[in-house]
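Trainee: predicted model, plus sequence, below.
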2 protein chains.
Amino acid sequence: MRRTICFNNKPVIIGASSIAGPKESEGSIGKFIETTLNDDMYGEDTFEKAESKMLFTAIKKAVDNAHKKEDEIDAIIAGDLLNQIIASTFAARNFPSAYLGIYNACATFAESLTIGAMLIDGKYMNNVVCSASSHFSSAERQYRYPLELGCTRPPQAQWTVTGAGSTVIGAKGSGPKITSATIGKVVDYGVVDANNMGAAMAPAAADTLITHFRESNCAPCDYDLIVTGDLGTLGSRILKDLSWEKGYDIEKQHVDCGELIYNLCESEYQGGSGAGCSAVVFNSYLMERLRENKLKKIAFMATGALLSSVSSQQGDSIPGIAHLVVVES
Amino acid sequence: MRRTICFNNKPVIIGASSIAGPKESEGSIGKFIETTLNDDMYGEDTFEKAESKMLFTAIKKAVDNAHKKEDEIDAIIAGDLLNQIIASTFAARNFPSAYLGIYNACATFAESLTIGAMLIDGKYMNNVVCSASSHFSSAERQYRYPLELGCTRPPQAQWTVTGAGSTVIGAKGSGPKITSATIGKVVDYGVVDANNMGAAMAPAAADTLITHFRESNCAPCDYDLIVTGDLGTLGSRILKDLSWEKGYDIEKQHVDCGELIYNLCESEYQGGSGAGCSAVVFNSYLMERLRENKLKKIAFMATGALLSSVSSQQGDSIPGIAHLVVVES
C-alpha cells in the first residue's frame, strides 16, 4: 500500500483567484485576496446563494487570470461544506465544463488539487479548475445553531472562513508546479467535542505528514513551509507534538492557514476554519509567494473533520483526514 | 474542451460485491446480490449506522472477492447521499487505505469508477475500491419527511434503494475492463418538483450520452446495453425522447437500474433511485453478465439530481448530472 503519488509531468498552476468576506479581507493576508467583499450576502438573499456566488466568482476570475476561455476548461473539481455541496453544484451549473463533486470537509481543496493534478499529469485533460468554499453564516446555521440564538463560543472553537479559492491547473504554461501528493486516510482518536475540530484533525494531519516524509524520503527541512489547512492554534500544537514524537521536528517550517487568516483577536479564538480557509490562503498569499520565488517548495496539507450534525447527535466521534500536495515554484 | 477520457492501460475489475435490504433482495435481480438482509437496520440502532455498515460489508467482501488483503488496497473512493457523506466516511474509517470522499448524488458510483480507473490507468496506484450506498429510511427522513408521518407518495416518485455496492479495480488480473469514461456536466432544465427526479436527471443523461457518442465516434449499436442509474420509468422515456431528437435511437439498448431493481408494483411507482441503486445493480447483475461474456460492452451511466432540501426550500431548481463509464468483458 502506498499513498504518495508523483506527478512526473509536473502539472502547472496557470491561474488562481480568491474571494473573501469583510472579516477575512481585514485579516493579516487580506491584501493578497483578489476580490474582497464589503457585505457577506454578496447581493444575494440567502447565505447559501452568497457562498455559491463567491465560488462562481473565484472560478471565473481564476480562468480569466489563466488567460483561458471558459470552454477551454475541461473539468471543474469542487466541493464545500453545505449539505449535498450545493455551493459547488450551483456554481458549476454556470460553466460548460465537466464537473466532479467532492467532499472531505475542510480537506476538500487539497483533494481537488490532487484529483486535478492527476487529470492533467495523466494527460486525460488539458486544463482543470480546482475549487472550494465556505461561508461562516451558512456553516454556522447548518452545523451548530441558528445565528439568531447568539450562542456563546467556547475557547477551543474556530471561526468558519467566508471565502472561496480556485486554482487552474494546466498541462502547459508557466507557474508553480504540483510535483506530488499524499492522499490521507481516515483517522479517529475518539474526539467527540464538535467545537474542538483542531484536536480531531491533528492526528490525521500527523499521519499524512509522516507517511509523506517516509514514502518520499523527505524531511521537514526539505520544505520552505509545511502549511496545514485549519488546525488552529491548539490543533497546530498537537500536530507538532505528534510529529515530534515520531522524530520529525516541524516547528520551524509549520504555519497554519487558520492561524494566518485573521488578525488574532478574541472572537475567533483558535483561528479560521472551513473548506474556504485553506483555499483562500493558497490562492492568495501562498500563490503570490510561490510566484515571487520567495517560497520554493511547500507541503500544503488541508485538514478535514468528517462529522455531520447527525453523526454527532448519534454519539459518534469525529474522524479526521488530511491530504497533502507538494507545490514547487 | 473534451469530456471523454480513454484508459489505454485498461484497468481491470478484479472484485465486486453488493448488499441490499429485504425489499431489493426480493426484486427481479435479487438472486444476483451477494449479501441480502432480512432487516434493514442490519443490527444497528440507527438507519445511518446501518447504511454505513452495509457500505463497510460491501467493501470488505469486494476486497475478499478480489483475493486481496486490506493493506493491498491503496485507496477507497466512496460517497453516499447522507449529509457530509457520513456512511462512506465511517465505513472508510475501518480500513488502512487512503480515502477520497466524493458526492454527485446518485451519479456518485460512476464518478468513483471514473476516478478509480484514472488512479489505476495512470499507474498512480495498484488496487482501489470504488463504492456507493443509499438507504431508503435514512434518505427519506433527511430529504423529505419523517417516516412516522406516513406521507402519501405522488405517482412520479421513486423509491430510494437500501443497498451498497463496491468494485475493486486493479492494474493486473482478469475480469471486465474499464476502457473509457465521459464525465458529466451540470445540466438544469428548471425542474422544481423534488419528487420528480427522473425528469430532472434525464436532460443531463442525454447530454452525457450524446457527448460520449460524438467524442468517441460511437453509436448506440456499439453497445450491448446502455444502462442508466435511476431515471425510473418516466425519466427513461424522457432520455429516449431527447436522444431520439438528436438522432440517436437507444430504444433497443437502454435499460435503467431503477426499473430493473424492483418487481414493478404500485408502491415504488417509477422504480428505484439512490446512489446505492446503480451500485447494487452494477456489482451484482451487470458484473455477472459481463463475467459470463453475455454482455460484451456496456455504457454504464449513473445519474444524479444535485438538490438539497435547503436549495429546494430556497426555490432553486434541480440540476442533474450523469457520468458514463464503458466496461468491456
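Mentor: Cool, the structure landed.

Trainee: where does the nearest residue to residue A:170 once chain neighbours are set aside sit, in terms of helix or strand?
Mentor: The shortest distance from residue A:170 to any residue that is not its chain neighbour, by C-beta to C-beta, 6 or more residues apart in numbering or on different chains, is 4.3 Å, and that residue is residue A:14. Placement of C-beta: from N, CA and C, glycine included. Here residue A:14 is covered by strand A:12-20, with elements defined by DSSP states H and E.

Trainee: buried residues, that strand. List them.
Mentor: Judged by neighbour count using 16 or more other C-beta atoms under 10 Å in any protein chain shown, the buried positions of strand A:12-20 are A:12-20.

Trainee: how about these in a markdown table, adding pLDDT?
Mentor: Output for the buried residues of strand A:12-20, formatted as a markdown table (pLDDT from 0 to 100):
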| residue | pLDDT |
| --- | --- |
| A:12 | 98 |
| A:13 | 98 |
| A:14 | 98 |
| A:15 | 98 |
| A:16 | 98 |
| A:17 | 98 |
| A:18 | 98 |
| A:19 | 98 |
| A:20 | 98 |
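
Trainee: of all those residues, which two lie farthest apart?
Mentor: When those are compared pair by pair using C-beta to C-beta, the farthest-apart members prove to be A:12 and A:20, with a separation of 24.9 Å.

Trainee: helix or strand for the spatially most central residue of chain A, which one?
Mentor: Nearest residue to the geometric centre of chain A (C-alpha atoms, centre = their mean): residue A:278, 3.3 Å. Using DSSP H and E, the element containing residue A:278 is helix A:275-281.

Trainee: and that helix, what other elements does it pack with?
Mentor: Here helix A:275-281 is seen to pack against strand A:12-20, strand A:75-80, helix A:108-121, strand A:127-134, strand A:163-170, helix A:257-261, strand A:297-305 when contacts are counted using 3 or more C-beta pairs under 8 Å, 6 or more residues apart in numbering or on different chains; DSSP states H and E.

Trainee: and residue B:127, which of these is closest to it?
Mentor: helix A:108-121 (16.4 Å).

Trainee: and stretch A:132-141, anywhere near chain B?
Mentor: No: legend: contact between stretch A:132-141 and chain B by C-beta under 8 Å from any C-beta of the partner chain is lacking; minimum distance shown is 8.6 Å.

Trainee: now do that stretch, average pLDDT.
Mentor: For stretch A:132-141, mean pLDDT is 95.

Trainee: now do it: distance from first to last residue.
Mentor: For stretch A:132-141, the first-to-last residue distance is 19 Å (C-alpha to C-alpha, to the nearest Å).

Trainee: can you show me the strands along chain A?
Mentor: A:4-6, A:12-20, A:35-36, A:75-80, A:98-101, A:127-134, A:159-160, A:163-170, A:177-182, A:225-228, A:254-256, A:272-273, A:297-305, A:320-328 (DSSP state E).

Trainee: turn the ones you listed into a markdown table, columns for distance to residue B:320.
Mentor: As requested, those are arranged in a markdown table below (distance: least, C-beta to C-beta, whole Å):
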| stretch | distance to residue B:320 |
| --- | --- |
| strand A:4-6 | 32 |
| strand A:12-20 | 27 |
| strand A:35-36 | 30 |
| strand A:75-80 | 16 |
| strand A:98-101 | 11 |
| strand A:127-134 | 20 |
| strand A:159-160 | 29 |
| strand A:163-170 | 23 |
| strand A:177-182 | 31 |
| strand A:225-228 | 36 |
| strand A:254-256 | 39 |
| strand A:272-273 | 32 |
| strand A:297-305 | 27 |
| strand A:320-328 | 28 |
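
Trainee: what stretches of the stretch 151-300 of chain A score poorly on pLDDT?
Mentor: Scanning the stretch 151-300 of chain A for pLDDT under 70 picks out the ranges A:264-268.

Trainee: nearest to chain B: which residue in it?
Mentor: Across the stretch 151-300 of chain A, the shortest distance to chain B (C-beta to the nearest C-beta) belongs to residue A:183, at 3.7 Å.

Trainee: go ahead and confirm that residue touches residue A:321.
Mentor: No: counting by C-beta atoms under 8 Å, no contact exists between residue A:183 and residue A:321, whose distance comes to 9.1 Å.

Trainee: please enumerate the shared neighbours of these two.
Mentor: Taking C-beta atoms under 8 Å, 6 or more residues apart in numbering or on different chains as the contact definition, residue A:183 and residue A:321 share the neighbouring residues residue B:99.

Trainee: quote the end-to-end distance of stretch A:122-140.
Mentor: Start-to-end, stretch A:122-140 (C-alpha to C-alpha) is 39 Å.

Trainee: an error on my part: the question was meant for stretch A:301-318.
Mentor: Start and end residues of stretch A:301-318 are separated by 19 Å (C-alpha to C-alpha).

Trainee: how about stretch A:284-299?
Mentor: The distance separating the two terminal residues of stretch A:284-299, taken as C-alpha to C-alpha, comes to 16 Å.

Trainee: ok, residues contacting it?
Mentor: With C-beta under 8 Å, 6+ apart as the test, stretch A:284-299 has contacts from A:13, A:16, A:18, A:29, A:32-34, A:165, A:167, A:175-176, A:209, A:212, A:222-227, A:260, A:300, A:324-329.

Trainee: what subset of those residues is buried?
Mentor: A:13, A:16, A:18, A:29, A:32-34, A:165, A:167, A:175-176, A:209, A:212, A:223-227, A:260, A:300, A:324-329.

Trainee: run a quick neighbour tally on the closest residue to chain B within the stretch 201-329 of chain A.
Mentor: When distances are taken as C-beta to the nearest C-beta, the stretch 201-329 of chain A approaches chain B most closely through residue A:308, which lies 3.8 Å from it. Counted by other C-beta atoms under 10 Å in any protein chain shown, the residues lying close to residue A:308 total 24.

Trainee: excluding its backbone neighbours, what's nearest it?
Mentor: Take residue A:308 and drop its neighbours on the chain: the residue closest to it by C-beta to C-beta, 6+ apart is residue B:84, 3.8 Å away.

Trainee: residue A:164 too?
Mentor: Residue nearest to residue A:164 in three dimensions, not counting chain neighbours: residue A:133, with 3.5 Å by C-beta to C-beta, 6+ apart.

Trainee: that neighbour contacts residue A:279, correct?
Mentor: Yes: here residue A:133 reaches residue A:279: they are 6.8 Å apart, a contact under C-beta under 8 Å.

Trainee: now do the shared contacts for the two.
Mentor: Overlap of the contact sets of residue A:133 and residue A:279 (by C-beta under 8 Å, 6+ apart) consists of A:58, A:163-165.

Trainee: more neighbours: which of residue A:133 and residue A:279?
Mentor: Between residue A:133 and residue A:279, counted using other C-beta under 10 Å, the more crowded position is residue A:279 (39 against 36).

Trainee: give me phi/psi at the closest residue to residue A:122 other than its chain neighbours?
Mentor: If the residues on either side of it in the chain are set aside, residue A:122 comes closest to residue B:122, at 3.6 Å by C-beta to C-beta, 6+ apart. Main-chain torsions, residue B:122, degrees, to the nearest 10: phi -80, psi 0.

Trainee: was I right about residue B:122 contacting residue A:120?
Mentor: No: under the criterion of C-beta under 8 Å, residue B:122 lies out of contact with residue A:120, with a separation of 10.5 Å.

Trainee: looking at the two, which is more packed in?
Mentor: Regarding residue B:122 and residue A:120, a neighbour count based on other C-beta under 10 Å identifies residue A:120 as having more, with 24 against 19.

Trainee: the more buried one: what's it in contact with?
Mentor: Contact analysis of residue A:120 by C-beta under 8 Å, 6+ apart lists A:9, A:11, A:126-128, A:169-171.
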